[in-house]
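Colleague: Structure of the sequence below:
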Amino acid sequence: MPYLKFISDKDLCSAVTKIIKIIEVAERDVEDKLHKNVVDPFSALFHGVTHPISYKKWIEQEKARQTQKTMQNAIGNFHQEILGSMPGWMNLGASGGLDVVNKKMKIIAEVKNKFNTTKGNHKIEIYDAIKAKLKLDEYKNYMGYYVEIISQGKKKYDKPFIPPDNKTGKRRPARNKIRVVDGVSFYAIAAGGKNALQELFEILPRVITDNHKYKLSKKEAKEYFELYKIAFSTE
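Modeller: Next up, the predicted model:
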């Protein structure tokens, strides 16, 4: 029986493996680079003493902090790969201008992991990139989406994308075919099921432990799901 209905086991396992390899490489790199980056001993001391945590525990936390940006980028790519592997969808890769497209549904999208991942000036660039794509004959009558997988305050939305322009102080004009959408809503559109994102999250412990050296108990999986419920609407 497949892990999920809306993506093949092969594509799902491939996307998971890529993330794990990126994390493992990043952790090996940070081990080598930790002291080359010159850790602030004052902040380390105050942080360690006031929490309180051991020096060894603080070092582990610092390593995790230094790999956080790599992790965030990797998770964004993970969602792009998952969405681009669903039936009817195509991952446009790094050179496609945007991230994923579905020619039958007439949707093209840029996918970001979190609502605050992208700075204001970059949101303008995303709007303009979507607008430019929709002007092409190839994408005539398409809907262009800017996807924020994790939305602010667990909100669901599918509305015109009107990012502010810091230079002019004005927002880009509202166009019905240039939209911003949260991750739960977009996964529902892409997969054809309202709980697709939740189903993906809930199956990941099995995929990871079935195919890699890592272990995760059912109790721990439930604890991680509590984090999911904090970040996403499950209604």
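Colleague: Count the neighbours of residue 8 for me.
Modeller: Summarising burial for residue 8: neighbours were counted as other Cβ atoms under 10 Å, giving 14. (Each C-beta comes from the backbone N, C-alpha and C, glycine too.)
Colleague: What residues does it make contact with?
Modeller: For residue 8, the set of contacting residues under the criterion of Cβ atoms under 8 Å, 6 or more residues apart in numbering consists of 2, 85.
Colleague: So what's the gap between the top helix by length along the chain and the chain middle?
Modeller: Among all segments of the chain classified by DSSP state H, the helix with the greatest residue count is helix 9-33. Averaging C-alpha coordinates over helix 9-33 and over its chain gives two centres that are 15 Å apart (Cα atoms, centre = their mean, to the nearest Å).
Colleague: Name the surrounding residues that touch that helix.
Modeller: Contacts of helix 9-33 from elsewhere in the structure, counted by Cβ under 8 Å, 6+ apart, are 2-4, 63, 66-67, 70-71, 74-75, 77-78, 81-82, 85, 203-204, 207-208, 211-212, 214.
Colleague: Stretch 149-158 now?
Modeller: Counting contacts by Cβ under 8 Å, 6+ apart, the residues touching stretch 149-158 from outside are 76, 79, 111-116, 179-186, 197, 230-233.
Colleague: among those residues, which ones are buried?
Modeller: Restricting the contacts of stretch 149-158 to buried positions leaves 76, 79, 111-115, 179-186, 197, 232, with burial counted as 16 or more other Cβ atoms under 10 Å.
Colleague: Sort out which of the residues you listed are in strands and list them.
Modeller: With strands taken from DSSP state E, the overlap with the buried ones among the contacts of stretch 149-158 comprises 111, 112, 113, 114, 179, 180, 181, 182.
Colleague: Quick check: PyMOL command selecting the buried ones in the contacts of helix 9-33.
Modeller: Of those, the buried ones go into a single PyMOL selection, burial set by 16+ other Cβ under 10 Å:
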select buried, resi 3+4+66+67+70+71+74+75+77+78+81+82+85+203+204+207+208
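Colleague: all helices for this structure, in order.
Modeller: Defined through DSSP H, the helices belonging to the chain, from first to last, are 9-33, 41-50, 55-66, 68-84, 120-135, 183-191, 196-211, 218-231.
Colleague: any idea which of the ones you listed is most buried?
Modeller: Mean neighbour count, computed with mean count of other Cβ atoms under 10 Å, is highest for helix 183-191 among the helices of the chain, reaching a mean of 23.
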